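Trainee: Sequence and predicted model, in that order:
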Amino acid sequence: MCIRDRHEVLQAFYTIGGDGYPIQEIAGGEKFSVQDIDINNYSSSDLEREISQLIRTEAQKPFDLSKFPLVRICLVRTGKEEHIVLFTIHHIIADGWSVGIFIEEIALMYEASVAGKTELLPELDIQYADYAAWQKDWMQGEVLEDQLNYWKEEFEKLPEPLELPTIRTRPVVQTFNGAVETLQKPADIVNGVKAISKRENATLFMSLLTAFSVLLSRYSGQEDICIGSPITNRGQTEVEMLIGLFFNTLALRVDLSGSPSFLELLQQVRNTTLSAYSHHDIHLEVLVDELKLDRDLSRTPLFQVVFTLQDAPLRRLELPTIEIEQIDVDTGTSKFDLTLFLEENQAGIKAMMEYNTDLFNKSVIARMLNHFDRLLKEIVKNPGNAIDFY
């Protein structure tokens with residue numbers, strides 16, 4: 001069984017039913033097509049520029065949700081024995097976790113094929129549609145009421161939008177032009193933050209989120225900070241190996257008033273995070289509707305900044321006669337004002353700040369990343385200090 005047949009959702013497309021609601025349909029036996037592009041003859045200087053342009057163009061090309069497939073595959077030949085595979089998939093059928101599954105299954109199929117095996121992948125016990133149907137039936141009555149009550153209490157009084165200093169006036173209608181700035185943080189800082197986390201019965205995510213909230217407060221002058229953070233939302237073991245859209249984004253609120261110490265603020269963030277995790281089944285768009293927010297077309301509701309820690313990056317795959325390596329992609333877009341991606345690696349943590357280029361420029365973001373680096377160093381030295389002293 002191939003990956004397309006194993007995961008029914010990869011064959012999905014969406015039409016509008018008579019009641020005006022979307023309907024998922026399955027294409028059946030239709031196959032994916034692979035676009036083949038040869039840039040093998042480009043000079044080394046032109047090659048890198050052409051690759052970047054191809055990646056950006058492919059990432060920004062829209063999908064028609066009413067037509068199969070919602071997956072595009074492009075094979076770019078960059079050398080006699082070197083290729084880049086551009087795999088573009090619409091978020092409606094897959095999330096970041098799914099990409100890891102897809103790569104793992106490609107590796108399994110390749111190894112099986114080299115070994116001469118005909119049965120490549122077994123059939124799955126359940127499909128994404130089964131999970132969606134179960135979730136819809138489960139999220140009712142007391143379960144739904146409990147989840148909604150928590151978030152309505154958390155946002156009974158709404159925080160003010162985060163006002164970071166920008167290089168120009170915010171557009172009346174939000175734009176999504178973006179870029180990415182990167183900074184590698186050394187292992188000694190990461191190990192120091194991990195030691196603090198362990199002593200305080202917190203996770204590395206909680207400590208880094210606390211530090212990031214301090215940085216945002218210093219830049220904005222605000223003490224009530226709301227930060228979005230994605231969660232995999234795969235609590236059931238049955239869905240761990242399913243390709244599909246499971247993730248949700250949680251709105252995590254941090255109160256920095258009264259100049260608490262970093263350790264005191266960490267405990268607050270820890271409690272907030274754990275409570276949010278236990279009420280993670282309400283999807284963000286449902287929460288926004290339930291809160292009946294006054295919509296502002298110039299910014300996203302509830303939060304304008306997102307924080308994510310990828311502590312389990314895609315592993316480097318070494319297969320018979322072939323090696324696979326993931327490359328970073330700058331799509332030229334930014335869904336939020338700022339999104340801080342942190343990824344653990346052997347050297348420490350790589351920080352990637354995706355930012356809206358209509359609000360910020362490269363030098364502003366580079367300075368912000370350096371300030372975050374210095375802030376973490378000071379926290380490691382004196383975690384008991386009040387946050388105003390960092």
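Mentor: Done, it's in.

Trainee: Tell me which helix or strand the residue nearest the centre of the chain sits in.
Mentor: In the chain, the C-alpha nearest the mean C-alpha coordinate belongs to Pro230, at 6.0 Å (Cα atoms, centre = their mean). Secondary structure assignment for Pro230, by DSSP states H and E: strand 224-231.

Trainee: pLDDT on that strand, on average?
Mentor: Across strand 224-231, the average pLDDT comes to 96.

Trainee: Tell me the buried residues in it?
Mentor: For strand 224-231, a neighbour-count test (16 or more other Cβ atoms under 10 Å) marks 225-231 as buried. In short, each C-beta sits where N, CA and C put it, glycine included.

Trainee: Quick check: the residue nearest to the centre of the chain vs His91, distance?
Mentor: 11 Å (Cβ to Cβ, to the nearest Å).

Trainee: what's the answer for Ile51, then?
Mentor: Where His91 is concerned, Ile51 sits at a distance of 24 Å (Cβ to Cβ).

Trainee: So for those two, which residue has more residues nearby?
Mentor: Ile51 (17 against 12; other Cβ atoms under 10 Å).

Trainee: Is that one located within a helix, as I assumed?
Mentor: Yes. Ile51: assigned to a helix according to DSSP: H, G, I helix; E, B strand; the rest coil.

Trainee: can you pull the contacts of it?
Mentor: 39, 76, 78, 84 (Cβ atoms under 8 Å, 6 or more residues apart in numbering).

Trainee: same question, Ile327
Mentor: Ile84.

Trainee: Looks to me like it is in a helix.
Mentor: No. Assessed by three-state DSSP, Ile327 does not belong to a helix; its assignment is coil.

Trainee: Next, give phi and psi for the spatially closest residue to Ala187 that is not a sequence neighbour.
Mentor: Leaving aside its sequence neighbours, Ala187 sits nearest to Gly348 (Cβ to Cβ, 6 or more residues apart in numbering; 4.1 Å). Dihedral pair for Gly348: phi 140, psi -110, per degrees, to the nearest 10.

Trainee: again, but for the one 4 residues further on
Mentor: For Met352, the backbone dihedrals are phi -120, psi 120 (criterion: degrees, to the nearest 10).

Trainee: and the residue nearest to it when sequence neighbours are not counted, bridged to which residues?
Mentor: In space, Met352 comes closest to Phe341 once its chain neighbours are excluded; the distance is 4.3 Å by Cβ to Cβ, 6+ apart. On the basis of DSSP bridges, Phe341 takes part in beta bridges with Thr308, Met352.

Trainee: Quick check: what element follows the helix or strand bottoming out on mean pLDDT in the chain along the chain?
Mentor: Every helix and strand in the chain was compared by mean pLDDT, DSSP states H and E; the lowest is strand 317-319, with a mean of 70. Next helix or strand after strand 317-319 toward the C-terminus (DSSP H and E): strand 322-324.

Trainee: Quick check: buried residues in stretch 338-347?
Mentor: Quick answer for stretch 338-347 (16+ other Cβ under 10 Å): 338-344.

Trainee: now do stretch 24-40
Mentor: Using 16+ other Cβ under 10 Å as the test for burial, stretch 24-40 gives 24, 27, 37.

Trainee: what do you get for stretch 78-85?
Mentor: Buried, per 16+ other Cβ under 10 Å, within stretch 78-85: 78, 84.

Trainee: can you check stretch 190-210 too?
Mentor: In stretch 190-210, counting by 16+ other Cβ under 10 Å, buried: 190, 192-194, 196-197, 200, 202-210.

Trainee: ok, these vs Arg367, which is closest?
Mentor: Nearest to Arg367 out of those is Leu208 (Cβ to Cβ; 18.9 Å).

Trainee: Could you give the separation of the helix or strand containing the closest one from the chain centroid?
Mentor: If you go by DSSP H and E, Leu208 is part of helix 204-220. In terms of Cα atoms, centre = their mean, to the nearest Å, the centre of helix 204-220 is found 18 Å from the chain centre.

Trainee: Let me see the ranges of the helices in the stretch 51-200 of the chain.
Mentor: Along the stretch 51-200 of the chain, counting by DSSP state H, counting those that start in this stretch, helices occupy 96-114, 128-138, 141-154, 187-199.

Trainee: Okay, the residue nearest to Ala187 and Leu204: tell me how far apart.
Mentor: In terms of Cβ to Cβ, Gly348 sits 12 Å off from Leu204.

Trainee: mind listing what Ser220 touches?
Mentor: 162-165.

Trainee: hmm, 6 Å instead?
Mentor: 162-164 (Cβ atoms under 6 Å, 6 or more residues apart in numbering).

Trainee: Next: Ile84.
Mentor: By Cβ under 6 Å, 6+ apart, the neighbours of Ile84 are 76, 78.

Trainee: That one bridge partners, please.
Mentor: What pairs with Ile84, by the bridge criterion (DSSP bridges), is Val76.

Trainee: re earlier: of all the buried residues of strand 224-231, which comes closest to Asp64?
Mentor: Taking Cβ to Cβ as the measure, Asp64 lies nearest Pro230 of the buried residues of strand 224-231, at 26.0 Å.

Trainee: need the contact list for the closest one.
Mentor: Contacts of Pro230 (Cβ under 6 Å, 6+ apart): 247, 249, 308.
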